[in-house]
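1. sequence first, predicted coordinates after that:
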Amino acid sequence: MKDIFNKWYVFLLELEGSATDDPDDAGGYTEFGLSERFLKSHNLPRPKTAEEARPIYEKYFFYDHKFNLLPRKIACYAFLMGVLVGPQFVVRLLQKLVRVPVDGKLGPITLGAIKSRNEKFLLEILAAHMCDHLFNVSNFRWGRNKKFIIGWLRRNLVVFDYAINEKWKY
């Protein structure tokens, strides 16, 4: 799984691009995809390089949420979109989709339900519901985020395509 994570991490860095400091971004200054808000909430120092950021992603966005136990395509999508919306939100959304109690944790009941579903179909439904969530965040909860919606939707589609094919073709 370590080699797979490393491949996905390289792709994540391509998605995240350069450092940003948009006053409308609730996360604040962001570099290597790690927002100031996230780093402060976990009492973490700002990484100076992408290599210093890697263990943060491994711990807080992958292993802590047990994404390594998910089927491969779902794990890829959960990790890459979890960076944008929060890994616990992705888990809660998966739980709603497979109709198990929603607690935000990947336990044996949730994992069993996920593994019993058709992986490609579950991924398609997950990505569709993610679009709905992104629209809601953009339009209803924080009006200032409307300017981000096109980028968020594009990211969702690119991550979905990457999770299905594990090829970067854009």
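-> Okay, I see it. Residues are numbered from 1 along each chain as shown.

2. ramachandran angles for the nearest residue to Ser116 once chain neighbours are set aside?
-> Leaving aside its sequence neighbours, Ser116 sits nearest to Val98 (Cβ to Cβ, 6 or more residues apart in numbering; 8.0 Å). (C-beta placed from N, C-alpha, C; glycine too.) Torsion angles at Val98 (phi, psi; degrees, to the nearest 10) stand at phi -100, psi 10.

3. residue contacts, Val98?
-> 110, 113-114, 116-117, 122 (Cβ atoms under 8 Å, 6 or more residues apart in numbering).

4. same deal with Asn145?
-> 24, 26, 137-138.

5. do the same with Glu124
-> Contacts of Glu124 by Cβ under 8 Å, 6+ apart are Phe160.

6. now it: which helix or strand?
-> helix 119-136 (DSSP states H and E).

7. how about the CA coordinates for that helix, as CSV?
-> Backbone C-alpha positions of helix 119-136 (Å, rounded to 0.1, in the frame of the first residue of the first chain) are rendered in CSV as follows:
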residue,chain,number,x,y,z
GLU,A,119,-16.7,-0.9,-6.5
LYS,A,120,-17.1,1.1,-9.8
PHE,A,121,-20.8,1.8,-9.2
LEU,A,122,-20.1,2.9,-5.6
LEU,A,123,-17.4,5.2,-6.8
GLU,A,124,-19.7,6.7,-9.5
ILE,A,125,-22.4,7.3,-6.9
LEU,A,126,-19.9,8.7,-4.4
ALA,A,127,-18.6,11.2,-7.0
ALA,A,128,-22.1,12.3,-7.9
HIS,A,129,-23.0,12.9,-4.3
MET,A,130,-19.8,14.8,-3.8
CYS,A,131,-20.8,17.2,-6.6
ASP,A,132,-24.0,17.8,-4.7
HIS,A,133,-22.1,18.5,-1.5
LEU,A,134,-19.7,20.9,-3.3
PHE,A,135,-22.7,22.8,-4.7
ASN,A,136,-24.2,23.1,-1.3
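
8. what comes up buried for it?
-> Residues 119, 122-123, 125-127, 130, 133-134 are the ones in helix 119-136 that count as buried (16 or more other Cβ atoms under 10 Å).

9. how far does it sit from the chain's center?
-> 12 Å (Cα atoms, centre = their mean, to the nearest Å).

10. avg pLDDT for it?
-> For helix 119-136, the mean per-residue pLDDT is 93.

11. ok, and what's touching the helix or strand following it?
-> Downstream of helix 119-136, the next assigned helix or strand under DSSP H and E is helix 149-165. For helix 149-165, the surrounding residues in contact (Cβ under 8 Å, 6+ apart) are 11, 15, 73-74, 76-77, 80-81, 84, 120, 123-124, 127, 130-131, 134-135, 137-139, 168-170.
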